[in-house]
Structures are given as structure tokens and as C-alpha cells.
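> the following block contains a protein sequence and its predicted model.
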Amino acid sequence: MPDARADVLTLCDALFPGGHDVRTEGLLVWGSGHGADGPVAVIGTRDRAAIGVDLAYALAGRVLQVVREHPGRPILMLVDTQGQQLSRRDELLGNGGYLAHLAKCFEVARMRGHLLLSLVYGEAVSGGFLALGMIADRTYALADAQIRVMALPAMARITQIPIEELQALCRSSAIFGPGVDNYARLGAVETVWPQGALAEGLAQALRVPAGPDPRAALGRERGGRTLAHDVVQAVLTAA
């Protein structure tokens, strides 16, 4: 079995050829890298981490540390998570609240002028991906990353729709389908970064200023979400 810790540090070597001090503490990844235009804070997870109350709290602490000690520094989230921790302990302690707190900490960083980028390099699932990844200004992915809200067998059990029908829907609609390509069609993933050009992809992403959320517009342009953008604009116009 490959060493997941080595994998994420090797990824950082490729992202930051100028050097980095990224380290791991259990499933937590944090540190900084020397980007083409200056330092970049790195916060993330490894080894398909299930995000429970302890990991969510540790991630939030690292976000606030960057805000406090490095005002305005871009933050790159490295995403490899199987979703929220499904344990009795974490549910009783209010794991949803901890994930919401993590998302709010990222929002505080955004309001303080930190550009938020995320890169899915492993797995990205459900609530863990929402709080650590989709909260970013823009989300990127490696081609071999795995992104999904729910596995099709679980979706079939919950919706009572036969899995054959769900598989057929996946072929015609990106909304139902897992995978990087479907999430790119939906506009949730801005760009897929080639393995041999990670530093270049990061440098380009860092030079694009934060702006209005582009995902609904991208989904319309790419044919993955054909109505979301128009519905949003209609609501905003009516308001």
C-alpha cells in the first residue's frame, strides 16, 4: 500500500517547486509553500480522511491561525476526504455544527481578503467536501480524483430508484453522475490540472482575483446545469 503521507508531500513538491514546509499531523495537512508570486498557506486532509469533530476543529484552528498570522495570504485547500465521520460519538457531539464552523472560518478568511482555492487530489465526498473544498472561491481537481455526493448503491437504497435507472440517468445527466468530468460539467470544478503542470495550474489560479461565484454560469455553459444560472438571476432580479 502506498504511503498516503508521502503522496501528499510529493504533491506539494510538484505544486511548489520553490519549496514548502507542509507537514502532516495524523490526517491533517498544513503549512505553506513558495508560490510563483509569494507564499501560499496550505490546509487540508489526507488518506481519505473522515472529518469528525476533532479534525474539523483542528482544520478550523489552522484557518484562523493563517488569518491571524498571515493577513491576506492565499489559502490552498488540499482535499482528500470520504466525507463526515459517521460515528455515534461525532454525531452526539454535533459534527454538523463543527463542519459549519469550519466553513464559517473559511468565510471569515474570505472576508478578510484571503483568496480561497481548493484542489481535489484524492477523494471528495458529501459534507466533508462542502466544508473543505466547495467553500473555496474556485475548485480544481486532478484527473484521477474521485468526487461524488453519494455512491449509486446508497442512492438507490435511499431514493428507492432501481440502480439501473440511476446508471441510465448518469449517462444523460451530469447531476447524477460521480467523477471529475461530471463535476466539471456542473461547473463545480473549474479546471482539471494535468499531473505534469501542477505548479503552472496553481500559478494561473492564484492570479485570477476572487469575484462572483462562477459555478452556475459555468454549469450552463458546459451543459451540466442548464437552468440554475437563469433561476438565480430571475430571483435576484425579482428581489
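Thanks, I have it.
> excluding chain neighbours, what is closest to residue 15?
Nearest in space to residue 15, with sequence neighbours left out and distances taken as C-beta to C-beta, 6 or more residues apart in numbering, is residue 198 at 5.0 Å. Quick note: C-beta positions are derived from backbone N, CA and C, even for glycine.
> also residue 202?
Computed as C-beta to C-beta, 6+ apart, the closest residue to residue 202 that is not its neighbour in sequence is residue 15, at 5.4 Å.
> the one you found is in contact with residue 197, isn't it?
No: contact criterion C-beta atoms under 8 Å: residue 15 and residue 197 do not qualify, at 10.6 Å.
> more neighbours, those two?
Per other C-beta atoms under 10 Å, whichever of residue 15 and residue 197 has more neighbours is residue 15, with 24 against 12.
> gap between that one and residue 25?
Separation of residue 15 from residue 25 (C-beta to C-beta, to the nearest Å): 19 Å.
> got it, and residue 144?
26 Å.
> same check on residue 130?
Distance of residue 130 to residue 25, computed by C-beta to C-beta: 23 Å.
> who's more crowded, the two?
residue 130 (18 against 9).
> so the more buried one sits in a helix?
Yes: under DSSP: H, G, I helix; E, B strand; the rest coil, residue 130 falls within a helix.
> correct me, but it touches residue 100?
No: in this structure, residue 130 is not within contact of residue 100 by C-beta under 8 Å, at 9.7 Å.
> chain center to stretch 188-197: distance?
13 Å (C-alpha atoms, centre = their mean, to the nearest Å).
> and it, which residues are buried?
Neighbour-count burial for stretch 188-197, counted by 16 or more other C-beta atoms under 10 Å, picks out 188-190, 192-193.
> returning to what we had before: contacts only, for the residue nearest to residue 202.
Counting by C-beta atoms under 8 Å, 6 or more residues apart in numbering, residue 15 makes contact with 33, 76, 119, 198-199, 202.
> swap in 6 Å and give it another go.
198-199, 202 (C-beta atoms under 6 Å, 6 or more residues apart in numbering).
> let's verify the most centrally placed residue in the chain: helix, strand, or coil?
In the chain, the residue lying closest to the centroid (C-alpha atoms, centre = their mean) is residue 133, at 1.9 Å. State at residue 133, reduced to three classes by three-state DSSP: helix.
> what's the pLDDT at it?
Per-residue confidence (pLDDT) for residue 133: 92.
> mind checking how far it is from residue 17?
Going from residue 133 to residue 17 by C-beta to C-beta gives 24 Å.
> also residue 54?
Taken as C-beta to C-beta, the span from residue 54 to residue 17 is 33 Å.
> so if I had to pick from these two, which one is more boxed in?
residue 54 (17 against 13).
> from residue 65, how far out is that one?
Distance of residue 54 to residue 65, given as C-beta to C-beta: 17 Å.
> and what of residue 142?
Taken as C-beta to C-beta, the span from residue 142 to residue 65 is 27 Å.
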